[in-house]
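J.: Give me a model of this one.
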Amino acid sequence: MYGDIIKEQERRHFIEKVEETKLPTNRPVHYIPHHPVSKESSTTPIRIVYDCSCKDGRDNPSLNECLESHPPVMNDITGILMRFRAKKYATTSDLEKAFLQIQLDEKDRDATETERKKDLLRSDEIENAKFLWIRYTQGKIFSDEINCIDNSTKRKTLVRQLKKLFLDEKQLLRCGGRRIDNATVGETVKFPYLLPAKDRLTHLIVLEAHENTLHSGINITLAYIQQTFWIPKLRQCVKSILMKCVTCRKVIGKSYPAPEIPPLPKERVQDATPFSITGVDFTGALTTRNRHNEESKVYICLFTCAVTRAVHLELVYDLSEESFLLCFRRFVSRRSVPKIMMSDNALTFKAASNEISRLCNSRKVKENIQNYGIEWKFIPNRAPWFGGMWERMIGLRKY
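T.: Take a look at the predicted model:
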């Protein structure tokens, strides 16, 4: 898709192809890097971004620095648009690819060269790019050390610490002094490249080494990096970067701490007569055998006091409305009428969730409860810990 966009811009004369033999030699030529940027759009999911601030070297200016600057014209454009609104008729239009419609003079087109690679990058190109970034970083951070080595002047602190610091044939700073000059290992292991601890290139190298070692620990990442590079305070650098690794934090990070236990609700701790605040729940099905040796299922309806933790059990043959009302009447006859009744929400049940939901939310049950002047409370959805006072009693009844 990226190649198709390049061809489309070439077809519409936004850009033009230039042969290498036609490149001028008597005036400067800028090579502009470009890369794709994807976005969620149905019309232009991928667009090309040209980096005109890129430099070929430390002493070479970028294209943006060579262009003549002018005062902003957005205010003038706003004034023109406002004059359009003051008239009776006004026309508006949308310019497709507005900035690409600007055509450069033929003599100025050499300053906007871009190089397009049809094939994948070769290994030697990747290696040259790596040496380029190392040379740029060393020249930016260790310029005094490089001058000290070239001119043999008074040695800097870093040069005194690394006595065998030297420049190789590619003008890259390398370190010696590992005492493994005669070992059968690679040259980069004997004489690693010097890099600063706090630099973007060092950060990327540490991340790459961490991923290549399959997100191993600090020591393995250190050993992998030291085969090629010598970085002062490397352990601190690697440790600070690995602490921010999302993949490692998911594996070795601490689990989310459990929230503090909230205080008990006021219904559980206030002075009240037994069963004035009652929780109710059903046990699972129990298998019984009658005198005719026939098996049948029964259920236990458990009423528990929220204050004294007293328990009242009633046996029911099914989970119907009539069975629950009879069971509730027997409980009221024995333990008096409660003021507040609490029960599970339907979402907390497992096997009998549908039946309990229909039972507790039925109109007939609610009308009978209102006749007694009882307030019925349901615990919140997806919060089974609110019903712990009767769930614990249900568990004890099973044994």
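J.: Quick check: mean pLDDT of stretch 167-185?
T.: Across stretch 167-185, the average pLDDT comes to 82.
J.: Which positions within it qualify as buried?
T.: Neighbour-count burial for stretch 167-185, counted by 16 or more other Cβ atoms under 10 Å, picks out Leu172, Leu173, Arg174, Cys175, Gly176. C-betas here are computed from N, CA, C, even on glycine.
J.: residue contacts, the first one?
T.: It refers to Leu172. In this structure, Leu172 makes contact with Phe131, Ile134, Arg135, Gln138, Tyr193, judged by Cβ atoms under 8 Å, 6 or more residues apart in numbering.
J.: Kindly report the same for the second one.
T.: With contact set as Cβ under 8 Å, 6+ apart, Leu173 has these partners: Gln138, Phe142, Glu145, Ile146, Ile149, Leu165, Phe166, Leu167, Tyr193, Leu194.
J.: what about the nearest residue to Thr228 once chain neighbours are set aside, distance to Arg135?
T.: Excluding the flanking residues, the one nearest Thr228 by Cβ to Cβ, 6 or more residues apart in numbering is Thr188, at 4.8 Å. Here Thr188 is placed at a distance of 15 Å from Arg135 (Cβ to Cβ, to the nearest Å).
J.: for His35, helix, strand, or coil?
T.: strand (DSSP: H, G, I helix; E, B strand; the rest coil).
J.: Please identify the helix or strand for Asp271.
T.: Under the assignment given by DSSP states H and E, Asp271 is not contained in any helix or strand.
J.: do you know how far it is from Pro36?
T.: 73 Å.
J.: The two: who's more crowded?
T.: Neighbours were counted for Asp271 and for Pro36 using other Cβ atoms under 10 Å; Pro36 has more, 12 against 6.
J.: Who are the contact partners of the more buried one?
T.: Counted by Cβ under 8 Å, 6+ apart, Pro36 has contacts Tyr2, Ile5, Ile46, Arg47, Ile48, Val49.
J.: Which of the residues you listed fall within helices?
T.: The members of the contacts of Pro36 that map onto helices under DSSP state H are Tyr2, Ile5.
J.: ok, back up a step: mind picking the one among the contacts of Leu173 that's closest to Phe282?
T.: Tyr193 (73.7 Å; Cβ to Cβ).
J.: Around that closest one, count how many other residues there are.
T.: Residues lying near Tyr193 (other Cβ under 10 Å) number 22.
J.: Please apply the same query to Val280.
T.: So Val280, with other Cβ under 10 Å, has 23 neighbours.
J.: Packing partners of the host helix or strand of it?
T.: According to DSSP H and E, Val280 maps onto strand 277-282. When contacts are defined as 3 or more Cβ pairs under 8 Å, 6 or more residues apart in numbering; DSSP states H and E, strand 277-282 packs onto strand 295-305, strand 340-343, helix 388-397.
J.: The helix or strand just after that strand pairs with which strands, parallel or anti?
T.: Later in the chain than strand 277-282, the nearest helix or strand by DSSP H and E is strand 286-289. Counting by DSSP bridges, the strands paired with strand 286-289 are strand 295-305 (antiparallel).
J.: May I have the helix or strand following the partner strand as PDB, with CA atoms only?
T.: Next along the chain after strand 295-305, taking DSSP H and E as the criterion, comes strand 311-316. C-alpha atoms of strand 311-316 as PDB (Å, rounded to 0.1, in the frame of the first residue of the first chain):
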ATOM      1  CA  VAL A 311     -30.600 -19.700  62.800                       C
ATOM      2  CA  HIS A 312     -34.100 -20.900  62.000                       C
ATOM      3  CA  LEU A 313     -34.500 -23.700  59.400                       C
ATOM      4  CA  GLU A 314     -37.600 -24.700  57.400                       C
ATOM      5  CA  LEU A 315     -37.900 -27.600  55.100                       C
ATOM      6  CA  VAL A 316     -39.600 -27.000  51.700                       C
END
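J.: Report the buried residues of the helix or strand just after strand 311-316.
T.: As assigned by DSSP H and E, the chain's next helix or strand after strand 311-316 is helix 321-335. Buried residues in helix 321-335, defined by neighbour count with 16+ other Cβ under 10 Å: Glu321, Ser323, Phe324, Leu325, Cys327, Phe328, Phe331, Arg335.
J.: how far away is the third one from Leu302?
T.: Taken as Cβ to Cβ, the spacing of Phe324 relative to Leu302 amounts to 12 Å.
J.: Look at Glu211 and report its pLDDT.
T.: pLDDT recorded at Glu211 is 93.
J.: From the contacts of Pro36, keep the buried residues only.
T.: Buried among these by 16+ other Cβ under 10 Å: Ile48.
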